[in-house]
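Undergrad: Below are the sequence and a predicted model; questions follow.
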Amino acid sequence: MRFSVYQVSRKGGREKNEDRMGYCYTRDAGLFALADGMGGHPEGEVASQIALQTMAALFQRDARPALKDPVRFLHDAIIAGHHQLLRYATEKALIDTPRTTVVACVLQNGAAYWAHCGDSRLYLVRGDKLIARTRDHSYSELQETLNGVVPLGEKFNRNVLFTCLGSPGKPVVDAVGPMLLQSGDRIMLCSDGLWSSVPDQVITEQMATRPISDAVPELVEQALRRAGSKSDNVTVLAVEWESSEDYDSTKAISTQTLGEEVFASTIQASVLGQEPDDLDEAEIERSIREINEAIKRSSQQKKP
């Protein structure tokens, strides 16, 4: 498995950055994920961090070195993140639960699988065409989809979502795959800070005509310029798929020589209340153990 990856996150005009992103991989599978903590609820940055940590911990457990069922994994991992948020709110005695959107993609066996909850998006660009994009779990997007069938009068605010992680009801998770990949296919995950300011046409054009290391920062800068001082957090993670036949990039990641038990991750298992840069290896390992133990306890409680 060979791929190139590039990621950027900017705070914009907000007081803090509540977006989180990262990826992890084994010899035969890769997980790429992005979460956008929701304003109007407490600790959005904690919500997005917990969602990604939970997915990474489950990926480390299940990808040995490949996932048995990537679509099922994505669905279950997102729901597990939701339960972890509810647990966190209960333990901290919070009046409201931290909430987040999430979008995640698995690359395995030359195919892509993805799932999302909320309005963080995935774009798949092949050549000069946008061949797939997630549909937001927002009332405005639902209205647009249904308008041709059932005319709806009132216009909804695009920011109003009908599902997310940490909400009182069970989250809606849409999963897709497998989508067979071709060499040069580009997959982009982004928060709404990007697509709310930059049209799909511009996103597609940039991803189709420039290296991802140029396209991603340019798109982020465009989003910040267009939104101005009121810009949301803007976060983008892009992956270019490369087949073994034409692989010649020195900047790409190759997993071919990894052992079956090797797991690599940029999703830092931060101890809550600390920034990732403040952690040493022992704290990171302890945090991962705590997440795995919590997931294990949660699964045992569901058994009759």
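TA: Nice, I can see it.
Undergrad: distance between the strand or helix carrying Ser48 and the chain's centre?
TA: According to DSSP states H and E, Ser48 maps onto helix 44-62. Offset of helix 44-62 from its chain centre (Cα atoms, centre = their mean, to the nearest Å): 10 Å.
Undergrad: do stretch 230-238 as well
TA: With Cα atoms, centre = their mean, you get 12 Å for stretch 230-238.
Undergrad: Poorly predicted segments of the chain, please.
TA: When residues are selected by pLDDT under 70, those of the chain lie in 142-159, 243-251, 268-304.
Undergrad: returning to that earlier point: okay, buried residues for the helix holding Ser48 please.
TA: By neighbour count on 16 or more other Cβ atoms under 10 Å, the buried set for helix 44-62 is 44-60, 62. Backbone N, C-alpha and C define where each C-beta goes, glycine included.
Undergrad: residue ranges for the helices of the chain, please.
TA: 44-62, 70-91, 139-146, 192-195, 200-209, 212-227, 281-302 (DSSP state H).
Undergrad: how about TSV for those helices, with distance to Gln256 added?
TA: Listed next are the helices of the chain as TSV, based on distance: least, Cβ to Cβ, whole Å:
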stretch	distance to Gln256
helix 44-62	19
helix 70-91	20
helix 139-146	40
helix 192-195	32
helix 200-209	26
helix 212-227	21
helix 281-302	26
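Undergrad: quick one, strands of the stretch 101-250 of the chain?
TA: 111-117, 121-126, 129-133, 174-180, 186-190, 234-242 (DSSP state E, counting those that start in this stretch).
Undergrad: Partner strands of the second one and their direction?
TA: Strand partners for strand 121-126, identified by DSSP bridges, are recorded as strand 129-133 (antiparallel), strand 186-190 (antiparallel).
Undergrad: now do the first one
TA: When pairing is defined by DSSP bridges, strand 111-117 lines up against strand 100-108 (antiparallel), strand 174-180 (antiparallel).
Undergrad: pretty sure Leu130 is touching Leu122, no?
TA: No: counting by Cβ atoms under 8 Å, Leu130 stays clear of Leu122, with 11.0 Å between them.
Undergrad: Point out the most buried one among the strands paired with strand 111-117.
TA: Mean neighbour count, computed with mean count of other Cβ atoms under 10 Å, is highest for strand 100-108 among the strands paired with strand 111-117, reaching a mean of 28.
Undergrad: how big is the angle separating that strand from helix 70-91?
TA: Using axes from the mean of the first three to the mean of the last three Cα atoms, to 10 degrees, the inter-axis angle of strand 100-108 relative to helix 70-91 is 150 degrees.
Undergrad: and the angle from strand 100-108 to strand 234-242?
TA: Using the same axes, to 10 degrees: strand 100-108 against strand 234-242 is 10 degrees.
Undergrad: Let's see strand 100-108 as PDB, backbone CA atoms only.
TA: Coordinates of each C-alpha in strand 100-108 appear next as PDB, following Å, rounded to 0.1, in the frame of the first residue of the first chain:
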ATOM      1  CA  THR A 100     -18.600  16.800  17.200                       C
ATOM      2  CA  THR A 101     -19.000  15.900  13.600                       C
ATOM      3  CA  VAL A 102     -16.700  13.200  12.100                       C
ATOM      4  CA  VAL A 103     -15.700  11.900   8.700                       C
ATOM      5  CA  ALA A 104     -13.300   9.000   8.200                       C
ATOM      6  CA  CYS A 105     -11.900   6.900   5.400                       C
ATOM      7  CA  VAL A 106     -10.300   3.500   5.200                       C
ATOM      8  CA  LEU A 107      -8.000   2.500   2.400                       C
ATOM      9  CA  GLN A 108      -7.500  -1.300   2.100                       C
END
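Undergrad: Burial check on Arg121, number of neighbours?
TA: 22 (other Cβ atoms under 10 Å).
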